[in-house]
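[1] Predicted model and sequence follow; I will ask about them next.
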Amino acid sequence: MRTINFGLIGCGRIGTRHAEEISKTGILKAVCDINSESAESIAKKYFSNVYFSIEDLLSKEKDIDVISICTPNGLHAEHTTKSLRAGFHVLCEKPMAINVMDCKEMIDEAEASHKHLFIVKQNRFNPPIVALRKALTEGKLGKIFSVQLSCFWNRNENYYKNSDWKGTKTLDGGVLYTQFSHFIDLLYWLIGDIKEVSAFTGNFAHKDIIEFEDTGTVIIEFFNGAIGTINFSINSYSKNMEGSITVFGEKGTVKVGGQYLNKLEYQCIQDYEIKDLSEGMGANNYGDYQGSMSNHGEVYKNIVDVLTNNGKIATSGIEGMKTVEIIDKIYSKALLRKSIRGIL
(Lines give C-alpha, C1' and ligand atoms only; values in the text may rest on other atoms or scores of the structure.)
Protein backbone atom coordinates (compact mmCIF):
# COMPACT_ATOMS: atom_id res chain seq x y z
CA MET A 1 0.00 0.00 0.00
CA ARG A 2 1.46 3.34 -1.01
CA THR A 3 1.96 6.08 1.56
CA ILE A 4 -0.40 9.06 1.32
CA ASN A 5 1.15 12.54 1.59
CA PHE A 6 -0.81 15.32 3.24
CA GLY A 7 -0.73 19.09 3.47
CA LEU A 8 -2.37 20.94 6.37
CA ILE A 9 -4.00 24.38 6.04
CA GLY A 10 -4.74 25.80 9.48
CA CYS A 11 -2.57 24.96 12.49
CA GLY A 12 -4.83 25.83 15.42
CA ARG A 13 -6.21 23.35 17.95
CA ILE A 14 -8.10 21.16 15.47
CA GLY A 15 -5.20 21.43 13.01
CA THR A 16 -2.90 20.09 15.71
CA ARG A 17 -5.29 17.16 16.17
CA HIS A 18 -5.23 16.45 12.43
CA ALA A 19 -1.42 16.58 12.31
CA GLU A 20 -1.29 13.92 15.01
CA GLU A 21 -3.60 11.59 13.07
CA ILE A 22 -1.87 12.27 9.74
CA SER A 23 1.43 11.20 11.28
CA LYS A 24 -0.15 7.80 12.07
CA THR A 25 -1.59 7.14 8.59
CA GLY A 26 0.66 9.04 6.18
CA ILE A 27 3.26 11.78 5.88
CA LEU A 28 2.60 15.44 6.71
CA LYS A 29 4.64 17.02 3.93
CA ALA A 30 3.70 20.67 4.48
CA VAL A 31 1.75 22.95 6.81
CA CYS A 32 0.41 26.49 6.48
CA ASP A 33 -0.98 29.13 8.80
CA ILE A 34 -0.84 32.93 8.91
CA ASN A 35 0.13 32.46 12.56
CA SER A 36 3.82 31.70 12.08
CA GLU A 37 4.32 30.39 15.62
CA SER A 38 1.54 27.79 15.21
CA ALA A 39 2.72 26.71 11.75
CA GLU A 40 6.37 26.43 12.77
CA SER A 41 5.51 24.45 15.90
CA ILE A 42 3.71 21.71 13.92
CA ALA A 43 6.25 21.77 11.08
CA LYS A 44 9.10 21.26 13.53
CA LYS A 45 7.36 18.35 15.26
CA TYR A 46 6.56 16.46 12.05
CA PHE A 47 9.55 17.56 9.90
CA SER A 48 7.22 19.32 7.44
CA ASN A 49 7.77 22.24 5.09
CA VAL A 50 6.21 25.41 6.51
CA TYR A 51 4.27 28.14 4.70
CA PHE A 52 2.43 31.27 5.78
CA SER A 53 0.41 31.65 2.55
CA ILE A 54 -1.92 29.00 1.09
CA GLU A 55 -0.99 30.14 -2.42
CA ASP A 56 2.69 29.45 -1.74
CA LEU A 57 1.99 25.96 -0.43
CA LEU A 58 -0.34 25.03 -3.30
CA SER A 59 2.09 26.29 -5.97
CA LYS A 60 5.32 24.87 -4.53
CA GLU A 61 4.29 21.47 -3.13
CA LYS A 62 3.99 18.88 -5.93
CA ASP A 63 4.15 15.64 -3.94
CA ILE A 64 0.98 15.99 -1.85
CA ASP A 65 -2.13 13.83 -2.31
CA VAL A 66 -4.59 15.41 0.16
CA ILE A 67 -4.95 18.88 1.66
CA SER A 68 -6.65 18.99 5.08
CA ILE A 69 -8.57 22.22 5.66
CA CYS A 70 -8.66 23.23 9.34
CA THR A 71 -9.16 26.99 9.04
CA PRO A 72 -12.12 28.96 10.52
CA ASN A 73 -15.56 27.86 9.27
CA GLY A 74 -16.08 30.91 7.05
CA LEU A 75 -12.86 30.18 5.12
CA HIS A 76 -13.52 26.49 4.40
CA ALA A 77 -15.09 27.12 0.99
CA GLU A 78 -12.34 29.46 -0.26
CA HIS A 79 -9.50 27.24 0.91
CA THR A 80 -11.17 24.03 -0.32
CA THR A 81 -11.87 25.34 -3.83
CA LYS A 82 -8.32 26.72 -4.15
CA SER A 83 -6.87 23.36 -3.12
CA LEU A 84 -9.12 21.37 -5.47
CA ARG A 85 -8.34 23.75 -8.34
CA ALA A 86 -4.62 23.25 -7.67
CA GLY A 87 -5.07 19.51 -8.22
CA PHE A 88 -5.31 18.07 -4.70
CA HIS A 89 -7.90 15.91 -3.00
CA VAL A 90 -9.39 17.74 0.02
CA LEU A 91 -10.51 16.80 3.53
CA CYS A 92 -12.57 19.66 4.97
CA GLU A 93 -13.28 19.98 8.70
CA LYS A 94 -16.85 20.52 9.86
CA PRO A 95 -18.92 22.41 9.08
CA MET A 96 -18.37 22.07 5.33
CA ALA A 97 -19.20 25.80 5.01
CA ILE A 98 -21.62 28.25 6.59
CA ASN A 99 -23.89 28.74 3.59
CA VAL A 100 -25.38 26.36 1.05
CA MET A 101 -24.11 28.14 -2.06
CA ASP A 102 -20.51 27.77 -0.87
CA CYS A 103 -21.11 24.03 -0.42
CA LYS A 104 -22.44 23.79 -3.97
CA GLU A 105 -19.37 25.55 -5.35
CA MET A 106 -17.08 23.18 -3.42
CA ILE A 107 -18.89 20.14 -4.85
CA ASP A 108 -18.85 21.60 -8.37
CA GLU A 109 -15.11 22.30 -8.11
CA ALA A 110 -14.40 18.74 -6.94
CA GLU A 111 -16.30 17.37 -9.93
CA ALA A 112 -14.59 19.74 -12.38
CA SER A 113 -11.17 18.89 -10.95
CA HIS A 114 -11.88 15.14 -10.81
CA LYS A 115 -10.73 15.13 -7.19
CA HIS A 116 -12.27 13.68 -4.03
CA LEU A 117 -13.90 15.93 -1.43
CA PHE A 118 -14.05 14.37 2.05
CA ILE A 119 -15.98 15.99 4.93
CA VAL A 120 -15.10 15.37 8.61
CA LYS A 121 -18.05 13.79 10.45
CA GLN A 122 -16.19 11.68 12.96
CA ASN A 123 -19.19 11.11 15.26
CA ARG A 124 -20.52 8.66 12.68
CA PHE A 125 -17.81 6.30 14.00
CA ASN A 126 -18.98 6.44 17.66
CA PRO A 127 -19.65 2.77 18.59
CA PRO A 128 -23.21 3.33 19.95
CA ILE A 129 -24.07 5.44 16.90
CA VAL A 130 -22.74 2.75 14.54
CA ALA A 131 -24.89 0.19 16.40
CA LEU A 132 -28.00 2.41 16.29
CA ARG A 133 -27.50 3.03 12.58
CA LYS A 134 -27.26 -0.76 11.99
CA ALA A 135 -30.46 -1.37 13.95
CA LEU A 136 -32.30 1.35 12.01
CA THR A 137 -31.00 0.16 8.64
CA GLU A 138 -32.11 -3.40 9.40
CA GLY A 139 -35.55 -2.16 10.47
CA LYS A 140 -35.19 -3.43 14.05
CA LEU A 141 -37.06 -0.39 15.43
CA GLY A 142 -39.79 -0.57 12.79
CA LYS A 143 -41.40 2.66 11.62
CA ILE A 144 -39.79 5.65 13.29
CA PHE A 145 -42.30 7.86 15.06
CA SER A 146 -40.18 10.59 16.63
CA VAL A 147 -36.68 11.62 17.70
CA GLN A 148 -35.28 13.97 20.34
CA LEU A 149 -31.83 15.56 20.05
CA SER A 150 -30.30 17.29 23.08
CA CYS A 151 -27.06 19.29 22.90
CA PHE A 152 -26.19 20.83 26.26
CA TRP A 153 -22.58 22.01 26.43
CA ASN A 154 -20.68 24.84 28.07
CA ARG A 155 -18.73 27.47 26.19
CA ASN A 156 -17.89 30.34 28.50
CA GLU A 157 -16.59 33.85 27.87
CA ASN A 158 -12.96 32.74 27.98
CA TYR A 159 -13.58 30.27 25.14
CA TYR A 160 -14.54 33.14 22.85
CA LYS A 161 -12.06 35.69 24.20
CA ASN A 162 -9.20 33.37 23.36
CA SER A 163 -10.19 33.23 19.67
CA ASP A 164 -10.04 35.89 16.95
CA TRP A 165 -12.90 34.31 14.97
CA LYS A 166 -15.17 32.23 17.22
CA GLY A 167 -18.39 34.04 18.04
CA THR A 168 -18.46 36.03 14.78
CA LYS A 169 -21.20 35.62 12.20
CA THR A 170 -18.81 35.77 9.24
CA LEU A 171 -16.21 33.19 10.36
CA ASP A 172 -18.01 31.10 13.03
CA GLY A 173 -21.64 31.25 11.87
CA GLY A 174 -23.42 30.03 15.01
CA VAL A 175 -23.32 27.31 17.64
CA LEU A 176 -25.17 24.87 15.36
CA TYR A 177 -22.22 25.15 12.96
CA THR A 178 -19.28 25.11 15.37
CA GLN A 179 -20.49 23.07 18.36
CA PHE A 180 -23.39 20.96 17.12
CA SER A 181 -23.10 20.35 13.37
CA HIS A 182 -22.04 16.74 14.11
CA PHE A 183 -25.32 16.22 15.96
CA ILE A 184 -27.36 17.66 13.09
CA ASP A 185 -25.48 15.39 10.68
CA LEU A 186 -26.46 12.36 12.75
CA LEU A 187 -30.15 13.30 12.58
CA TYR A 188 -29.84 13.28 8.79
CA TRP A 189 -27.69 10.14 8.69
CA LEU A 190 -29.86 8.13 11.09
CA ILE A 191 -33.41 9.31 10.42
CA GLY A 192 -33.39 11.10 7.05
CA ASP A 193 -33.77 14.53 5.50
CA ILE A 194 -35.79 17.23 7.24
CA LYS A 195 -38.82 18.68 5.47
CA GLU A 196 -39.91 21.48 7.78
CA VAL A 197 -38.75 23.26 10.92
CA SER A 198 -40.02 25.81 13.42
CA ALA A 199 -37.33 27.46 15.50
CA PHE A 200 -36.84 29.72 18.52
CA THR A 201 -33.39 31.06 19.43
CA GLY A 202 -32.01 33.55 21.93
CA ASN A 203 -28.80 34.88 23.43
CA PHE A 204 -29.21 34.68 27.18
CA ALA A 205 -25.70 34.53 28.69
CA HIS A 206 -23.37 35.67 25.90
CA LYS A 207 -24.58 39.20 25.09
CA ASP A 208 -21.69 41.40 23.87
CA ILE A 209 -19.59 38.20 23.64
CA ILE A 210 -20.95 36.45 20.54
CA GLU A 211 -22.90 37.75 17.53
CA PHE A 212 -25.55 35.00 17.52
CA GLU A 213 -27.69 32.77 19.72
CA ASP A 214 -26.45 30.68 22.65
CA THR A 215 -29.68 28.66 22.97
CA GLY A 216 -32.33 27.24 20.69
CA THR A 217 -35.41 25.03 20.51
CA VAL A 218 -36.46 23.52 17.20
CA ILE A 219 -39.47 21.45 16.12
CA ILE A 220 -38.81 19.30 13.07
CA GLU A 221 -40.68 17.11 10.60
CA PHE A 222 -38.82 14.61 8.43
CA PHE A 223 -39.77 13.72 4.85
CA ASN A 224 -40.48 10.16 6.07
CA GLY A 225 -43.19 11.49 8.39
CA ALA A 226 -41.30 11.27 11.70
CA ILE A 227 -41.34 14.32 13.94
CA GLY A 228 -38.87 15.53 16.54
CA THR A 229 -37.25 18.25 18.58
CA ILE A 230 -33.78 19.73 18.88
CA ASN A 231 -32.81 21.48 22.08
CA PHE A 232 -29.37 23.08 22.11
CA SER A 233 -27.47 25.38 24.45
CA ILE A 234 -23.92 26.36 25.36
CA ASN A 235 -25.16 27.53 28.77
CA SER A 236 -24.83 24.25 30.65
CA TYR A 237 -23.44 25.56 33.94
CA SER A 238 -19.66 25.26 34.30
CA LYS A 239 -19.17 22.20 32.05
CA ASN A 240 -20.60 20.04 29.27
CA MET A 241 -23.69 18.16 30.43
CA GLU A 242 -25.09 16.05 27.59
CA GLY A 243 -25.11 15.22 23.91
CA SER A 244 -27.87 12.72 23.22
CA ILE A 245 -30.31 11.36 20.68
CA THR A 246 -33.42 9.33 21.55
CA VAL A 247 -35.29 7.44 18.84
CA PHE A 248 -38.87 6.19 19.30
CA GLY A 249 -40.01 3.51 16.84
CA GLU A 250 -42.94 1.10 16.66
CA LYS A 251 -40.70 -1.80 17.76
CA GLY A 252 -38.20 -0.09 20.02
CA THR A 253 -36.75 2.89 21.83
CA VAL A 254 -33.05 3.72 22.00
CA LYS A 255 -31.17 6.57 23.68
CA VAL A 256 -27.50 7.26 22.91
CA GLY A 257 -26.18 9.82 25.36
CA GLY A 258 -23.20 10.73 27.47
CA GLN A 259 -21.57 14.12 26.96
CA TYR A 260 -20.87 13.51 23.28
CA LEU A 261 -23.07 10.63 22.06
CA ASN A 262 -20.61 8.14 23.47
CA LYS A 263 -22.83 5.93 25.66
CA LEU A 264 -25.77 3.63 25.04
CA GLU A 265 -28.01 4.82 27.88
CA TYR A 266 -31.26 2.99 27.13
CA GLN A 267 -32.61 0.34 24.83
CA CYS A 268 -35.85 -1.60 24.68
CA ILE A 269 -36.24 -3.31 21.31
CA GLN A 270 -38.55 -6.16 20.29
CA ASP A 271 -36.52 -9.39 19.91
CA TYR A 272 -33.24 -7.48 19.53
CA GLU A 273 -30.45 -6.22 21.73
CA ILE A 274 -27.52 -3.92 21.03
CA LYS A 275 -24.53 -5.47 22.79
CA ASP A 276 -20.76 -5.93 22.81
CA LEU A 277 -20.06 -2.26 22.10
CA SER A 278 -16.42 -1.26 22.10
CA GLU A 279 -15.35 1.45 24.53
CA GLY A 280 -14.55 3.94 21.77
CA MET A 281 -12.31 6.96 21.91
CA GLY A 282 -12.43 9.79 24.44
CA ALA A 283 -13.48 13.32 23.60
CA ASN A 284 -11.26 15.84 21.86
CA ASN A 285 -9.72 17.63 24.82
CA TYR A 286 -8.96 21.33 24.42
CA GLY A 287 -7.86 22.12 27.96
CA ASP A 288 -10.75 23.95 29.60
CA TYR A 289 -13.41 22.22 27.53
CA GLN A 290 -14.13 19.05 25.57
CA GLY A 291 -15.49 18.49 22.07
CA SER A 292 -16.88 15.49 20.22
CA MET A 293 -15.55 11.94 20.31
CA SER A 294 -12.02 11.83 18.98
CA ASN A 295 -12.51 9.63 15.93
CA HIS A 296 -10.36 11.54 13.44
CA GLY A 297 -8.20 8.44 13.06
CA GLU A 298 -11.16 6.67 11.43
CA VAL A 299 -11.62 9.61 9.05
CA TYR A 300 -8.00 9.30 7.89
CA LYS A 301 -8.26 5.51 7.57
CA ASN A 302 -11.21 6.09 5.24
CA ILE A 303 -9.15 8.48 3.09
CA VAL A 304 -6.39 5.91 2.75
CA ASP A 305 -8.96 3.23 1.88
CA VAL A 306 -10.54 5.41 -0.82
CA LEU A 307 -7.22 6.43 -2.39
CA THR A 308 -5.48 3.05 -2.25
CA ASN A 309 -8.28 0.49 -2.26
CA ASN A 310 -11.12 2.17 -4.17
CA GLY A 311 -13.12 2.40 -0.93
CA LYS A 312 -16.31 4.42 -0.38
CA ILE A 313 -16.07 7.93 1.06
CA ALA A 314 -17.48 7.93 4.61
CA THR A 315 -19.00 11.42 4.28
CA SER A 316 -19.29 13.00 0.83
CA GLY A 317 -19.66 16.65 -0.11
CA ILE A 318 -23.38 16.11 -0.78
CA GLU A 319 -23.86 14.77 2.77
CA GLY A 320 -21.81 17.63 4.21
CA MET A 321 -24.06 20.07 2.37
CA LYS A 322 -27.19 18.47 3.83
CA THR A 323 -26.05 19.44 7.34
CA VAL A 324 -25.54 23.03 6.21
CA GLU A 325 -28.97 23.05 4.50
CA ILE A 326 -30.70 21.90 7.70
CA ILE A 327 -28.88 24.43 9.88
CA ASP A 328 -29.64 27.20 7.38
CA LYS A 329 -33.32 26.16 7.46
CA ILE A 330 -33.34 26.40 11.28
CA TYR A 331 -31.62 29.79 11.42
CA SER A 332 -33.80 31.19 8.62
CA LYS A 333 -36.99 30.23 10.47
CA ALA A 334 -35.70 31.68 13.74
CA LEU A 335 -34.74 34.91 11.96
CA LEU A 336 -38.15 35.13 10.26
CA ARG A 337 -39.93 34.69 13.58
CA LYS A 338 -37.90 37.50 15.16
CA SER A 339 -38.50 39.73 12.14
CA ILE A 340 -42.26 39.22 12.31
CA ARG A 341 -42.22 40.03 16.02
CA GLY A 342 -40.12 43.16 15.36
CA ILE A 343 -37.32 42.19 17.75
CA LEU A 344 -34.40 42.44 15.31
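    That came through, no problem.

[2] element containing residue 188, please.
    Assigned by DSSP states H and E, residue 188 belongs to helix 181-190.

[3] which residues touch that helix?
    The contact list for helix 181-190, computed with C-beta atoms under 8 Å, 6 or more residues apart in numbering, reads 94-95, 121-124, 129, 132-133, 136, 147, 149, 151, 176, 194, 220, 228, 230, 232, 243, 245, 247, 261, 292, 315, 319, 322-324, 326-327. Bear in mind the C-beta positions are built from the backbone N, C-alpha and C, glycine included.

[4] so residue 95 sits right up against residue 322, yeah?
    No. Applying C-beta atoms under 8 Å as the test, residue 95 and residue 322 come out as separate, 11.1 Å apart.

[5] For the two, work out which one has more neighbours and name it.
    For residue 95 versus residue 322, neighbours defined as other C-beta atoms under 10 Å are more numerous around residue 95 (29 against 22).

[6] Checking the more buried one next. Helix, strand or coil?
    coil (DSSP: H, G, I helix; E, B strand; the rest coil).

[7] dump the residue contacts of it.
    Contacts of residue 95 (C-beta under 8 Å, 6+ apart): 73, 76, 173, 177, 178, 181, 320, 323, 324, 327.

[8] and the next element down the chain from the helix or strand hosting the second one?
    It refers to residue 76. Assigned by DSSP H and E, residue 76 belongs to helix 76-85. Later in the chain than helix 76-85, the nearest helix or strand by DSSP H and E is strand 89-92.

[9] Which elements pack onto that following strand?
    The contact analysis (3 or more C-beta pairs under 8 Å, 6 or more residues apart in numbering; DSSP states H and E) places strand 89-92 against strand 66-69, helix 76-85, strand 117-119, helix 296-309.

[10] Compare those and report which one is nearest to residue 166.
    Closest to residue 166 of the helices and strands packed on strand 89-92, according to C-beta to C-beta: helix 76-85, at 14.3 Å.

[11] What is the closest one packed up against?
    Of the remaining helices and strands, those touching helix 76-85 by 3+ C-beta pairs under 8 Å, 6+ apart are strand 4-9, helix 54-60, strand 66-69, strand 89-92, helix 100-113.

[12] Identify each buried residue in it, please.
    The neighbour-count check on helix 76-85 (16 or more other C-beta atoms under 10 Å) flags 76, 77, 78, 79, 80, 81, 82, 83, 84 as buried.

[13] again with stretch 144-162
    Those would be 144, 147, 149, 150, 151, 152, 153, 154, 155, 156, 159, 160, for stretch 144-162 by 16+ other C-beta under 10 Å.

[14] Tabulate those in JSON lines, adding columns for secondary structure, distance to residue 16 and pLDDT.
    Below are the buried residues of stretch 144-162 laid out as JSON lines (DSSP: H, G, I helix; E, B strand; the rest coil; distance: C-beta to C-beta, whole Å; pLDDT from 0 to 100):
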{"residue": "144", "secondary structure": "strand", "distance to residue 16": "39", "pLDDT": "98"}
{"residue": "147", "secondary structure": "strand", "distance to residue 16": "34", "pLDDT": "98"}
{"residue": "149", "secondary structure": "strand", "distance to residue 16": "29", "pLDDT": "98"}
{"residue": "150", "secondary structure": "strand", "distance to residue 16": "29", "pLDDT": "98"}
{"residue": "151", "secondary structure": "strand", "distance to residue 16": "24", "pLDDT": "97"}
{"residue": "152", "secondary structure": "strand", "distance to residue 16": "27", "pLDDT": "97"}
{"residue": "153", "secondary structure": "coil", "distance to residue 16": "21", "pLDDT": "95"}
{"residue": "154", "secondary structure": "strand", "distance to residue 16": "22", "pLDDT": "95"}
{"residue": "155", "secondary structure": "coil", "distance to residue 16": "19", "pLDDT": "95"}
{"residue": "156", "secondary structure": "coil", "distance to residue 16": "22", "pLDDT": "93"}
{"residue": "159", "secondary structure": "helix", "distance to residue 16": "17", "pLDDT": "92"}
{"residue": "160", "secondary structure": "helix", "distance to residue 16": "19", "pLDDT": "95"}
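
[15] Now render the helices and strands packed on strand 89-92 as CSV, adding distance to residue 272 and mean pLDDT.
    CSV is the format used below for these (distance: least, C-beta to C-beta, whole Å; pLDDT from 0 to 100):
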stretch, distance to residue 272, mean pLDDT
strand 66-69, 39, 98
helix 76-85, 40, 98
strand 117-119, 31, 98
helix 296-309, 25, 96
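
[16] re earlier: just give me how far the helix holding residue 188 sits from the chain centre.
    Centroid separation for helix 181-190 versus its chain: 9 Å, with C-alpha atoms, centre = their mean, to the nearest Å.

[17] Give the next helix or strand downstream of that helix.
    strand 194-202.

[18] Give the pairing partners of the next helix or strand after that following strand; include direction for each.
    Downstream of strand 194-202, the first helix or strand assigned by DSSP H and E is strand 215-222. Here strand 215-222 is paired, per DSSP bridges, with strand 194-202 (antiparallel), strand 227-233 (antiparallel).

[19] Deepest in the core, which of these is it.
    Among those, strand 227-233 has the highest mean neighbour count (mean count of other C-beta atoms under 10 Å), at a mean of 20.

[20] Helix, strand, or coil at the nearest residue to residue 211 once chain neighbours are set aside?
    Among residues not flanking residue 211 along the chain, residue 169 sits closest, at 4.7 Å (C-beta to C-beta, 6 or more residues apart in numbering). The local conformation at residue 169, judged by three-state DSSP, is coil.
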